[in-house]
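Asker: A predicted structure for the sequence below; I have some questions about it.
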Amino acid sequence: MTVQLVHEPSVHVVAHTVISPTGLEAWADAHGHRALLYNDTPIGILHDDISHSPRESIDALPEFGGRFCYRSWEQGRARPDYLRNIVEMQHGSVLHHSTISFAISGVSRSLSLELLRHHAGADPSQESQRYVDAKDVRFVVPPLVAAIAGADDAESVLLEFQGECARALQAYATLQARLTCLTHPSTPGGEIGRKLNTMRKKRILEAARAHLPNSAETRLLWTMNLRAARHVCALRGGEGADLEIRRLAVTFTRALKELAPLTFYDFEVYEAADGFEATRCLHPKV
């Protein structure tokens, strides 16, 4: 049985917060701030930025939230200094307003169990092993196994891992086939029959998945607000984190530093003493 191995996660930003210029203008009209939008004021600069580049919104909305608290529309720091001050003063509540969504594949079920511990501000939609047939599932190579297997005298480590995955996949397929033979399709036609057959398929897959190891691939749509994202990147990117989730946190961090550079100004990716990349930041408790 052919086993497909995955060595790196696939992470794509599929959505992020965008401020509506027309919505901002309607709000300004309602509160007598229309003129400020077209002057060299903080709110005017914000309006101009998001009108010309919606991508600016993910950093701009926390600024808008902070200024909303104090009605500081006409004067104050420029956005880079404003957001730096928010981070340094740990005024993290305004970071809740901006979100980012990642479509993730090439990660293990084991990683997802750790990632799903992040509840507040982090929302997952995960591929189901009850509905999706795993006969063609891929297996994620642990980073340490991949690193060791790179040495000429340790290639057998990867081959042994691949062999174990093949045996697990064969056991999955065998049990699925046996259960398919031992449970008979429902005979009723129409909608009732379709529902009963769908349930039968789910029961077979949920039983067969017991053979799948933690290294079986899963896929998620993962949405975080920026405050939660900072927490995930700082905690899971640290040197003490599981290597696979640390690798994912590094990928998140790179994407966030590009998309929200002001909110993530204090993060950096570096090579740790163990030879794997990690993240660190100046203000992990925002």
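Answerer: Received the coordinates, thanks. Residues are numbered from 1 along each chain as shown.
Asker: in PDB, list the C-alpha atoms belonging to the helix or strand containing His47.
Answerer: Taking DSSP states H and E as the definition, one finds His47 inside helix 42-52. In PDB, the C-alpha atoms belonging to helix 42-52 read as follows (Å, rounded to 0.1, in the frame of the first residue of the first chain):
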ATOM      1  CA  PRO A  42      -5.300  60.500  12.600                       C
ATOM      2  CA  ILE A  43      -8.800  59.500  11.500                       C
ATOM      3  CA  GLY A  44      -8.300  61.200   8.100                       C
ATOM      4  CA  ILE A  45      -5.000  59.300   7.500                       C
ATOM      5  CA  LEU A  46      -6.700  56.100   8.500                       C
ATOM      6  CA  HIS A  47      -9.600  56.700   6.100                       C
ATOM      7  CA  ASP A  48      -7.100  57.600   3.300                       C
ATOM      8  CA  ASP A  49      -5.100  54.400   4.000                       C
ATOM      9  CA  ILE A  50      -8.000  52.000   3.900                       C
ATOM     10  CA  SER A  51      -9.500  53.700   0.900                       C
ATOM     11  CA  HIS A  52      -6.400  53.100  -1.200                       C
END
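Asker: chain center to that helix: distance?
Answerer: Counting by CA atoms, centre = their mean, to the nearest Å, helix 42-52 is centred 29 Å from the centre of its parent chain.
Asker: for Asp49, which non-adjacent residue is spatially closest?
Answerer: Glu56 (4.3 Å; CB to CB, 6 or more residues apart in numbering). The C-beta positions use only the backbone N, C-alpha and C, and glycine is treated the same way.
Asker: I'd assumed the one you found was in a helix, is it?
Answerer: Yes - membership of Glu56 in a helix is supported by DSSP: H, G, I helix; E, B strand; the rest coil.
Asker: pLDDT wise, what is Ile148 at?
Answerer: What the model reports for Ile148 is a pLDDT of 87.
Asker: separation between it and Arg247?
Answerer: 16 Å (CB to CB, to the nearest Å).
Asker: which of the two has more neighbours?
Answerer: Of the pair Ile148 and Arg247, Arg247 is the one with more neighbours under other CB atoms under 10 Å, namely 21 against 15.
Asker: do I have it right that that one meets Phe276?
Answerer: Yes - between Arg247 and Phe276 there is a contact under CB atoms under 8 Å: 7.4 Å.
Asker: what touches both of those two?
Answerer: Overlap of the contact sets of Arg247 and Phe276 (by CB atoms under 8 Å, 6 or more residues apart in numbering) consists of Pro143.
Asker: what packs against the strand or helix carrying Ala168?
Answerer: Counting by DSSP H and E, the element that carries Ala168 is helix 155-182. For helix 155-182, the elements it packs on are strand 4-6, strand 138-140, helix 143-149, helix 190-208, judged by 3 or more CB pairs under 8 Å, 6 or more residues apart in numbering; DSSP states H and E.
Asker: tilt between that helix and helix 190-208?
Answerer: 140 degrees (axes from the mean of the first three to the mean of the last three CA atoms, to 10 degrees).
Asker: what sits against Thr251?
Answerer: Thr251 touches Pro9, Val11, counting by CB under 8 Å, 6+ apart.
Asker: and it, how far from Ala103?
Answerer: Applying CB to CB to Thr251 and Ala103 gives a distance of 12 Å.
Asker: what residues are shared contacts of these two?
Answerer: Joint contacts of Thr251 and Ala103 (CB under 8 Å, 6+ apart) are Val11.
Asker: return the helix or strand in the chain with minimum mean pLDDT.
Answerer: Lowest mean confidence among the helices and strands of the chain (mean pLDDT, DSSP states H and E): helix 190-208, at a mean of 82.
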